[in-house]
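S.K.: Coordinates only, no sequence provided:
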């Protein structure tokens with residue numbers, strides 16, 4: 001486990017048409033390079049899962065990779081809407097997109113249940129919203145001890161989890177720090193996993209607050225310097241705010257997006 005390989009080989013081996021794929025990252029360590037590789041390999045009919053889909057999901061959807069999005073918030077952070085997402089959901093371009101919407105807490109608890117090998121998670125949430133009436137994977141459940149009515153959501157067990165991290169050693173142990181979101185949970189919940197890293201080192205140095213994913217929890221590791229850009233990797237590079245701003249104009253127009261996709265990704 002934790003096999004060191006190339007990004008192209010890892011995506012070819014792990015990501016297949018029709019898979020459920022989660023590319024996670026909460027403002028930080030977003031696996032953008034891996035998303036672009038999925039586009040280059042022209043994967044189709046994917047169910048994309050993420051707590052906070054942002055521009056790399058906009059790009060995957062606009063490239064025709066997705067048939068469904070399972071999410072809790074979607075947008076271009078600090079800028080506005082995801083226009084390729086909206087076009088697919090509202091107008092079916094380039095292909096129709098089914099959506100399944102949750103809260104952040106609901107999504108996080110679904111990953112935790114998946115990581116724990118449980119069939120569902122229970123939480124206090126969704127009260128006062130219309131999501132339970134619109135989302136089949138949200139259901140009321142009565143506590144057998146107190147009689148309190150709570151909310152149940154099914155576990156999430158993606159076929160593939162993809163995350164970015166700062167470092168891995170040559171045995172495939174991964175180290176990350178900063179805002180780590182649900183990196184640990186999604187890797188543990190998924191059937192297979194790919195971690196792209198800024199660098200592969202001989203030995204991981206102890207670092208206060210760092211999270212380590214042991215090699216046995218990871219299927220493949222690929223060294224991809226800059227693999228999170230335009231998001232940031234703490235200790236390596238900052239967030240490229242101008243990129244996020246420029247994406248708004250590119251993504252609004254189908255022709256401009258198609259030109260960008262051909263030039264920058266394909």
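M.R.: Happy to help now that I have it. All values derive from a computational prediction rather than experimental measurement. Numbering: from 1, shown residues only.

S.K.: mind showing which ranges of the stretch 51-200 of the chain have poor pLDDT?
M.R.: By pLDDT under 70, the stretch 51-200 of the chain has no low-scoring segment.

S.K.: Quick one: the strands in it, in order.
M.R.: Here the stretch 51-200 of the chain has its strands, by DSSP state E, counting those that start in this stretch, at 66-71, 98-101, 120-123, 139-142, 149-154, 160-169, 174-176, 192-201.

S.K.: Please tabulate those in TSV, including the columns distance to residue 89 and mean neighbour count.
M.R.: For glycine as for every other residue, the C-beta is placed from the backbone atoms N, C-alpha and C. Below are the strands of the stretch 51-200 of the chain laid out as TSV (distance: least, C-beta to C-beta, whole Å; neighbours: other C-beta atoms under 10 Å):
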stretch	distance to residue 89	mean neighbour count
strand 66-71	8	21
strand 98-101	6	15
strand 120-123	26	17
strand 139-142	24	12
strand 149-154	22	18
strand 160-169	23	27
strand 174-176	32	25
strand 192-201	27	22
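
S.K.: quick one, what contacts the spatially closest residue to residue 148 that is not a sequence neighbour?
M.R.: Using C-beta to C-beta, 6 or more residues apart in numbering and skipping residues adjacent in sequence, the residue nearest residue 148 is residue 142, 7.3 Å away. Neighbouring residues of residue 142 by C-beta atoms under 8 Å, 6 or more residues apart in numbering: 148-150.

S.K.: rewinding a little: which stretch among the strands of the stretch 51-200 of the chain comes nearest residue 254?
M.R.: With C-beta to C-beta as the criterion, residue 254 lies closest to strand 66-71 of those, at 16.2 Å.

S.K.: And the contacts of the closest one?
M.R.: Strand 66-71 is contacted by residues 44-53, 57, 60-61, 85, 88-89, 95-102, 107, 156 when judged by C-beta under 8 Å, 6+ apart.

S.K.: Is it possible to mark the buried ones in these?
M.R.: 46-53, 57, 60-61, 85, 88-89, 97, 100-102, 107, 156 (16 or more other C-beta atoms under 10 Å).

S.K.: follow-up on the earlier one: tabulate the contacts of residue 142 (a markdown table), appending distance to residue 122.
M.R.: What follows is those, written out as a markdown table (distance: C-beta to C-beta, whole Å):
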| residue | distance to residue 122 |
| --- | --- |
| 148 | 10 |
| 149 | 11 |
| 150 | 5 |
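
S.K.: Pick the one among the residues you listed closest to residue 1.
M.R.: For the contacts of residue 142, the nearest to residue 1 is residue 150 (36.1 Å; C-beta to C-beta).

S.K.: correct me, but that closest one touches residue 122?
M.R.: Yes - counting by C-beta atoms under 8 Å, residue 122 is a contact partner of residue 150 at 5.2 Å.

S.K.: Mutual contacts of those two, please.
M.R.: With C-beta under 8 Å, 6+ apart as the test, residue 150 and residue 122 both reach residue 141.

S.K.: still on that earlier bit, and of the strands of the stretch 51-200 of the chain, who's closest to residue 212?
M.R.: Proximity to residue 212 (C-beta to C-beta) singles out strand 174-176 among these, at 5.4 Å.

S.K.: Direction included, what does that closest one pair against?
M.R.: Strand 174-176 sits in its sheet next to strand 160-169 (antiparallel), strand 211-213 (antiparallel), going by DSSP bridges.
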